[in-house]
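Q: quick one: sequence plus predicted model below, questions after.
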Amino acid sequence: MFYSEDIIEQVRTENNIVDVIGDYVKLQRKGSSYFGLCPFHNEKSPSFSVSPQKQMYYCFGCGEGGNVISFLMKYENYTFQEALEVLAKRVGIELPKIEYSKEARREKDFRTKLIEINTEAAKYYHFLLKSDRGKRAYHYLRERKLSDETIVRFGLGYSDKYSDNLYRYLKSKGYSDNELKETGLFSFDEKRGVTDKFWNRVMFPIMDVNNRVIAFGGRVMGEGKPKYLNSPETKVFDKSRNLYGLNVARASRKDFMLICEGYMDVISLHQAGFQNAVAALGTAFTSRHASLIKRYVKEVVLTFDSDEAGEKAALRAIPYLKDAGLAIKVLNMKPYKDPDEFIKALGTDAYEKRIESAVNYFIFRVAAEQKKYNQDDPQEKTAFHKRVAEMLLEFQDEIERDNYLDSVCEIFKIPKDGMIKLVRKTGLTYVGKEEREYDKPAKRLEDKKEDKSVQAQRILLAYLLEDNHSFQKVAAVISPEDFLDELYRKAAQIFWEQMKNGEANPAKIMNYFEQEQEHKKVAELFVSPIRTELSLAEQEKAVNDAVYRIKKESLERKASQATDITQLQNIIQEQKQLRTIHITLS
């Protein structure tokens, strides 16, 4: 820990976790907590909870958890110090200058080194593009109507046809194999040696929002496969946290962003003057991408390919964008496949008009549903109308629902009176469906039985957090030394001190840990598996079972480490007494 405990706690407490996470995730209050779709895994039912009382978050779906600092560490891929600095700046706290430990300085320097190597690789690829060896790649880009200015602006390049060309170049610059291995630019094999990941491809440097080269995309010239090849994830590159072109688009001063599918679409749009275009990096659009966009704009226009695959991609992206609180429209590029083809054929003015006439996302969804039904068949037509009624019930606000109902009936020639009745009838079985999703116990992504020891510790600590009146009774039997896991033992020691001082605060406990996984484990300790609907007697049994398991395993460990007969006899006596202990909850 490089900052004092007091300064870390000041930064944490002045950044309300609901406000901070609310900038990334659309949250809805449910009881004493807030719920939303987890930004760390794809899900349809909200299992991501944020507690303003505990100042903690926890996902019942994937198990991610922590305080406001650990959220930024996980979401932004920050170190502990970087997250603290961002949060301090957010609330106007000036942090003292620190001296990094050797380990922290090594980590920071290594990330800087990876950026440096990527930047050197990008320069080399660009140099090759402009050389005789890159003529074919250069002509390919020019045939795609890219200007020299655009080629330079996006730092486009060429990876040579020799499979170790970049490796030999970077080795000549003095970089070690350990450093090069971490960039994801090379394959290390005992038999084949070291080979470049990219060769004989047009290269697209990928930059983060601060214009630093963090990865690459490479496209074949011709019919080779895969058509596009992307860097693997590294210490500086997470494809779910970055969007191609965002480094430029975020400063475009437009109040919306154009979301397309590929590098060439983004580049073509930027060259045509639409500098607010971005694309996902060789992966499906996710909630993280949506949250990232929400930081800069309130509206998006989807300009995915106009074929069936593009339509499906748009339909998959819409829920994430909607849950992030973004207004969404969908652009129709037919008869052309993508923005690149469209602009080449009809020009920028025509594309601008298509943006202006882009349809609302819900109308786009209904139109996609309509294609599934034969409108000349009365039975299928009725089924389509019923499906539309279900879709309209997704709008909880009655005025909003009525507005969409009016538009849908007008556009799709559906009798309005009949649709109103159908929505009401459907609503009798549909109403409350979304709210009930919050109350369903979420299934863990990892389908495995939780370790009984960990579960016992969770039950005990989480219960004491909610009912600290029972602490003295529990402390008479259990001490932090009874927690076998080193991290849990440290967390329990801090919690015991807090309880003695009457200030139970699990979010503060995380200040003593700097690793993302440590925050996750500590957060999990304070989320009780005890269901709140259980009676006091049932909760009491769960707590006593937890106390018994923790103490029993602790004594078994002590017995295995005992060095004399007297010590062993004392342990045996404690084991006998343990069977008679019963803690009555207040």
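A: Noted; the coordinates are in hand. Residues are numbered from 1 along each chain as shown.
Q: which strands and helices sit next to the helix or strand harbouring A546?
A: Per DSSP states H and E, A546 falls inside helix 536-561. Under the contact definition 3 or more Cβ pairs under 8 Å, 6 or more residues apart in numbering; DSSP states H and E, helix 536-561 sits against helix 452-466, helix 565-578. Bear in mind the C-beta positions are built from the backbone N, C-alpha and C, glycine included.
Q: off-centre distance for it?
A: Distance of helix 536-561 from its chain centroid, counting by Cα atoms, centre = their mean, to the nearest Å, is 37 Å.
Q: got the contact list for the strand or helix carrying A389?
A: Element membership for A389 (DSSP H and E) is helix 378-392. Counting contacts by Cβ atoms under 8 Å, 6 or more residues apart in numbering, the residues outside helix 378-392 that touch it are 362, 365-366, 369-370, 372-375, 401, 404-405, 408, 412, 414, 418-419, 422-423, 425-426, 430.
Q: check contacts around R153.
A: R153 makes contact with H270, according to Cβ under 8 Å, 6+ apart.
Q: among the helices and strands packed on helix 536-561, which is the most enclosed?
A: Mean neighbour count, computed with mean count of other Cβ atoms under 10 Å, is highest for helix 452-466 among those, reaching a mean of 20.
Q: rounded mean pLDDT for it, please.
A: The average pLDDT within helix 452-466 is 77.
Q: any weak-confidence spans in the stretch 251-400 of the chain?
A: Across the stretch 251-400 of the chain, nothing is flagged by pLDDT under 70.
Q: where do the helices sit along the stretch 301-450 of the chain?
A: For the stretch 301-450 of the chain, applying DSSP state H, counting those that start in this stretch gives helices covering 308-323, 339-346, 348-356, 361-370, 378-392, 398-411, 416-430, 433-439.
Q: minimum distance to N276: which of those has it?
A: Nearest to N276 among these is helix 348-356; the distance by Cβ to Cβ comes to 10.2 Å.
Q: packing partners for that closest one?
A: Applying 3+ Cβ pairs under 8 Å, 6+ apart, we find helix 348-356 packed against helix 339-346.
Q: list the buried residues for the helix it packs on?
A: For helix 339-346, the neighbour count (16 or more other Cβ atoms under 10 Å) marks 339-343 as buried.
Q: which regions of the chain sit below the pLDDT cut-off?
A: 1-2, 98-102, 104, 429-450, 467-468, 528-534, 586.
Q: ok, back up a step: and M257, which of the helices and strands packed on helix 536-561 is closest to it?
A: For M257, the closest of these is helix 452-466, at 41.4 Å, according to Cβ to Cβ.
Q: only C-alpha atoms, please: export that closest one in CSV.
A: The C-alpha coordinates for helix 452-466 follow below in CSV (Å, rounded to 0.1, in the frame of the first residue of the first chain):
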residue,chain,number,x,y,z
LYS,A,452,-18.2,-25.8,2.6
SER,A,453,-15.5,-24.0,4.6
VAL,A,454,-15.8,-20.8,2.5
GLN,A,455,-19.6,-21.0,2.8
ALA,A,456,-19.4,-21.3,6.5
GLN,A,457,-17.1,-18.3,6.8
ARG,A,458,-19.4,-16.3,4.5
ILE,A,459,-22.5,-17.2,6.6
LEU,A,460,-20.8,-16.2,9.8
LEU,A,461,-19.2,-12.9,8.7
ALA,A,462,-22.2,-11.7,6.6
TYR,A,463,-24.6,-12.5,9.5
LEU,A,464,-22.4,-10.6,12.0
LEU,A,465,-22.4,-7.7,9.6
GLU,A,466,-26.2,-7.6,9.7
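Q: ok, then the element right after it?
A: Once the chain leaves helix 452-466, the next helix or strand it forms, by DSSP H and E, is helix 471-475.
Q: that next one - contacts with which helices or strands?
A: Against helix 471-475 (3+ Cβ pairs under 8 Å, 6+ apart) you get helix 452-466, helix 486-500.
Q: hmm, try it at 10 Å
A: Judged by 3 or more Cβ pairs under 10 Å, 6 or more residues apart in numbering; DSSP states H and E, helix 471-475 is in contact with helix 452-466, helix 486-500, helix 536-561.
Q: can you list the residues that contact it?
A: By Cβ atoms under 10 Å, 6 or more residues apart in numbering, the list of residues contacting helix 471-475 from outside reads 460-461, 463-465, 468, 495-496, 499-500, 502, 504, 543-544, 546-547, 550, 581-586.
Q: picking up where we left off before, closest to Q81 out of the helices of the stretch 301-450 of the chain?
A: Of all these, helix 308-323 sits nearest to Q81, with 30.4 Å by Cβ to Cβ.
Q: give the buried residues for that closest one.
A: Using 16+ other Cβ under 10 Å as the test for burial, helix 308-323 gives 310-311, 313-315, 317-323.
Q: before we move on, what about stretch 482-490?
A: Buried, per 16+ other Cβ under 10 Å, within stretch 482-490: 482-483, 488, 490.
Q: for the residues you listed, which one is nearest V152?
A: The nearest one, if we look at the buried residues of stretch 482-490 relative to V152 and count by Cβ to Cβ, is K490, at 53.2 Å.
Q: ok, that closest one to K521 distance?
A: For K490, the distance to K521 equals 11 Å [Cβ to Cβ, to the nearest Å].
Q: anything in contact with each of those two?
A: Here K490 and K521 have F513 as joint contacts, going by Cβ under 10 Å, 6+ apart.
Q: test my guess that G262 contacts Y244.
A: Yes: when contacts are counted by Cβ atoms under 10 Å, G262 is listed as touching Y244 (8.2 Å).
Q: OK, contacts around L464?
A: Contact analysis of L464 by Cβ under 10 Å, 6+ apart lists 470-471, 473-475, 478, 495-496, 499, 504, 526, 528, 543.
Q: could you rerun that using 7 Å?
A: 470-471, 474, 499 (Cβ atoms under 7 Å, 6 or more residues apart in numbering).
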